[in-house]
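# Have a look; sequence and predicted model below, questions after that.
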Amino acid sequence: MKKLLLVFFISGALYSQNTTKKDSVQTTNLKEVVLVVKKKAIEQKSDRTIINFSDQPQLNSGSLLEGLKKLPGLIISDVAGMTYQGKQLEVYMDGRPLNIYSNELNSYLESLPANSVEKIEIITQPGAEFPATSGGAIINIISSRTAKRYISATYSNGYSYTNYDKSRHRFNNSILLNAKNSLFGWQLQAGQNYSDGYQRTKFYNPTDVLSQNETDRINRFYFIKSGLTFDFDKDRLLVNYDYNTSNNAATIGANGLGFVSLDDSDTKQVRNEAVVTYQKRFANPATKLDFRLNYNQNQNDFQLAGIPSGNVSLQNSFNQNFYQFKTDYSKEIKLLDEGKWSAGFLADKLDFKTTSFDINNLEYKRNTTAAYTQLSTSLKKFEFIVGGRLESYTIEGKTVSSDLTPFSLTKFFPNATLQYNIMSKVFMNANYNKKISLPNTSALNPNNTNYQNPNVSFFGNPNLSPTIYDNYEVKISAFDYMFIKYSISDASNAVVNRIVSNNNGAASISTNIPKLTVRNFSLGLPIPYMLFSKGIKETLKFNVNPDELNFLYVYVGNQKHLLEGVESKGFWNFNFMSQIQLPHKIKFTANYNTATTGGNYQYYKMIKPFSKQFDLTFSKKFMDNDLSISIYANDIFNTNRQELGAIGTNLLYDSKNDTRRIGLSMNYKIPTRNKLAKVQENMLNNDKNEEDSLLKK
């Protein structure tokens, strides 16, 4: 144990030695002197982990979904949804909730190019300033990059190829333009993605194959993200508008017990979001008052028709409108060594309507009001955070046959954090928070927006009720790159997805269960290879830059899901990432994920290792680091598949996508000849907790 702790702290000390390099994030010109600050690959903070996507080729090559699946501790699956170290994630984009879920969310993440994302924040200890509806944790995808005075541009593209049973291709292009003048600043990011895809799935029991499908998909996705900023002395007005649309088509050949079918499906989606933010600033820059108004609309149309008859078996759609107003105030106060007080108010409304063959079969309305206050202070090596959030919810609606049971709840959600700073960049903290998770609209939707046949169907449940969480976490973090963490999440009235037997077939349903407890242990440790070749004493003499270091990053996690009436067994998941600097400044990274079998994730038993995959990436920078090129090969051994047993039945589920893929990714920062161009804060991110956002004056 002593040797392990010694390696733990030495590795971190090496990683923290050098944080400056020519490849910069922020540059200030002062009489030909350039000051450069290097972004960290990973940054551990008291409440979150920040992962730099833009400078890590193994993450930003390919789609965003492919990059996210490589993050240690993050699990994304058809049945499990998105979880991080055992906690269900609420997905945000640029500081705002996406409000899309399930298969639609996976399709969105798969369509978004990874090289259009700046970084990822995983907030495992959301405080009172975050909505209590964040549940267990939040993942914030920050897509914006920094803006400059006078026009500047960044162009990104990518191409990948697979040959699972025939040639399939994917390509994407995007451009970021930004500029600032004496009156206002503007920023525009636009792009497209085209992808061919393949998936086979099978539902079966020991004696019969209920359904086995082969699906060929073609997805087309387009997006625009825009921002305007106006300065009024110390105050600032931001206007953001985001738009994306997709047109996804698939051909599904299926057969099983008693049937054979060939179908076409077509899914069209349009999403709009408009945000207005006003930031009031004062003589003391630590005092801030922000107002934000947000409108989000999401429309989806799905149709399934037989081939060659053209008979339509499913024609379902939904329209979701989300409105939100919030205000936040914060200021420094004199309390112990130093302190900060913040408070705020929120009101939002969700309208969700579904239609099947022109019949409105669900009208769902939800209103939320909330107020919070939070106090943070420090005393010598100790830091304290205590806060609380009062939220009130009303839910009502109706289906074709009856009204939904009205729901009304007003509840107080406390949070508290105690942190002890052992030394610089080394700390230990303990956190508790109570949260709630409201049923997402995908789980509520009574319509089937997936493929179905006579033996397999998917059902939403409009009568789902919210889940209350009690989250506990203890973490030791050293030098950003290493940590040891243990957490417990107790969920009352938990919403879970299950596969059940249904009329000699299988059905996927969402339901409430009385209690679900998830226990998670995780450890992250970087190990420089020079420790083995030079020894500890010689290694400590080096002034190491992590970007040029040869190392192995090891992540080990263990999860155990405890449910009433289920013989629960934990499972381990592992991630190994190796970085090696080759001649001519070529960076080589290898990434390997795997998991143990036999454990259960909620009501699913793992028969095959979860997300077992081996990836390779070669990358190099050219033209004074303005041009970055990566060549990658994902899932080289074609081992990434899901095979799960449905607990409580004799049903088994097997799924395989065309994850083995070879690709090329490029990012070109088009240089400006104007020497007066200076980096400004980005204009697409409105999160007041994001350090690089325009909310920082």
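Arrived safely, thanks for sending. Numbering: from 1, shown residues only.
# ok, the residue sitting nearest the centre point of the chain to P97 distance?
Per CA atoms, centre = their mean, the C-alpha nearest to the average position across the chain is that of I139, at 4.3 Å. Between I139 and P97 the computed distance is 11 Å (CB to CB, to the nearest Å). No exception for glycine: its C-beta is placed from N, CA and C like everyone else's.
# what residues are shared contacts of these two?
Jointly contacting I139 and P97 under the rule CB atoms under 8 Å, 6 or more residues apart in numbering are 90-91.
# returning to what we had before: ok, now which ones touch the residue nearest to the centre of the chain?
By CB under 8 Å, 6+ apart, the contact set of I139 is 74, 82, 84, 89-92, 120-123.
# mind listing the strands for the stretch 151-300 of the chain?
Ranges of strands in the stretch 151-300 of the chain, per DSSP state E, counting those that start in this stretch, are 152-163, 167-180, 184-204, 209-232, 235-256, 259-281, 288-306.
# Indicate which one of the ones you listed is closest to K398.
In terms of CB to CB, the element of the strands of the stretch 151-300 of the chain nearest to K398 is strand 288-306, at 20.6 Å.
# In three-state terms, how would S611 be classified?
Classification of S611 by DSSP: H, G, I helix; E, B strand; the rest coil places it in coil.
# when you give positions from now on, start the count at 149
In the new count, where the first residue is 149, that last one comes out as S759.
# got a list of what it touches?
S759 makes contact with 217, 223, 225, 721, 741-743, 788, according to CB under 8 Å, 6+ apart.
# could you redo the last one with a cut-off of 6 Å?
Contact partners of S759, counting by CB atoms under 6 Å, 6 or more residues apart in numbering, are N741.
# With N442 instead?
Going by CB under 6 Å, 6+ apart, the list of residues near N442 reads 423, 472.
# bridging residues for it?
Beta bridges link N442 to V423, Q472 when assigned by DSSP bridges.
# ok so, going back, do you know how far the residue nearest to the centre of the chain is from L219?
I287 is 9 Å from L219, by CB to CB.
# follow-up on the earlier one: not counting its neighbours along the chain, what's nearest the residue nearest to the centre of the chain?
In space, and not counting its chain neighbours, I287 is closest to L237: 4.6 Å by CB to CB, 6 or more residues apart in numbering.
# That neighbour sits in which helix or strand?
Using DSSP states H and E, L237 sits in strand 235-241.
# Now do T797 against G713, distance only.
T797 sits 13 Å away from G713, taking CB to CB as the criterion.
# same deal with F278?
The value you get for F278 to G713, if CB to CB is used, is 33 Å.
# Quick one: classify K682 as helix, strand or coil.
Judged by three-state DSSP, the three-state class of K682 is helix.
# In contact with the closest residue to P245 other than its chain neighbours, which residues?
Leaving aside its sequence neighbours, P245 sits nearest to E238 (CB to CB, 6+ apart; 6.6 Å). Applying CB under 6 Å, 6+ apart, we find E238 in contact with 282-283, 286.
# how close does E238 sit to I286?
E238 is 5 Å from I286, by CB to CB.
# ok, now K373?
Going from K373 to I286 by CB to CB gives 20 Å.
# Next: L237.
Distance of L237 to I286, given as CB to CB: 7 Å.
# now swap in N403 and tell me
Here the criterion is CB to CB. By it, N403 lies 42 Å from I286.
# Which of those two has more residues huddled nearby?
Taking other CB atoms under 10 Å, N403 and I286 do not tie; I286 has more neighbours (24 against 16).
# Specify the beta-bridge partners of the closest residue to G718 other than its chain neighbours.
Nearest residue to G718, sequence neighbours excluded (CB to CB, 6+ apart): K708, at 3.6 Å. Listed beta-bridge partners, K708: R667 (assigned using DSSP bridges).
# Go ahead and confirm K708 touches F669.
No - counting by CB atoms under 6 Å, K708 does not reach F669; the two are 9.0 Å apart.
# ranges for the strands of the stretch 549-698 of the chain?
Shown for the stretch 549-698 of the chain, the strands assigned by DSSP E, counting those that start in this stretch span residues 555-571, 574-585, 604-606, 615-626, 630-650, 653-676.
# hey, least reliable of the ones you listed by pLDDT?
Lowest mean pLDDT within these: strand 604-606, a mean of 84.
# Need the residues that contact that strand.
Contact partners of strand 604-606, identified using CB under 6 Å, 6+ apart, comprise 351, 359, 596, 598, 654-656.
# Let's see that with 10 Å instead.
Identification of contacts with strand 604-606 by CB atoms under 10 Å, 6 or more residues apart in numbering yields 250-251, 349, 351, 358-361, 402, 404, 593, 595-600, 645, 647, 650-651, 653-658, 801.
# low-scoring pLDDT stretches of the chain, where are they?
The chain contains residues with pLDDT under 70 at 149-187, 227-228, 292-298, 597, 685-696, 820-845.
# Try it again at 50.
Regions of the chain meeting the criterion pLDDT under 50 cover residues 149-150, 152-153, 166-185, 295-296, 823-828, 831, 835-845.
# Beta-bridge partners for the residue nearest to I287, please?
A285.
# Next, find the distance separating it from G283.
Distance from L237 to G283, counting by CB to CB: 8 Å.
# Stretch 506-516: which residues count as buried?
Neighbour counts over stretch 506-516 (16 or more other CB atoms under 10 Å) mark 509-512, 514-516 as buried.
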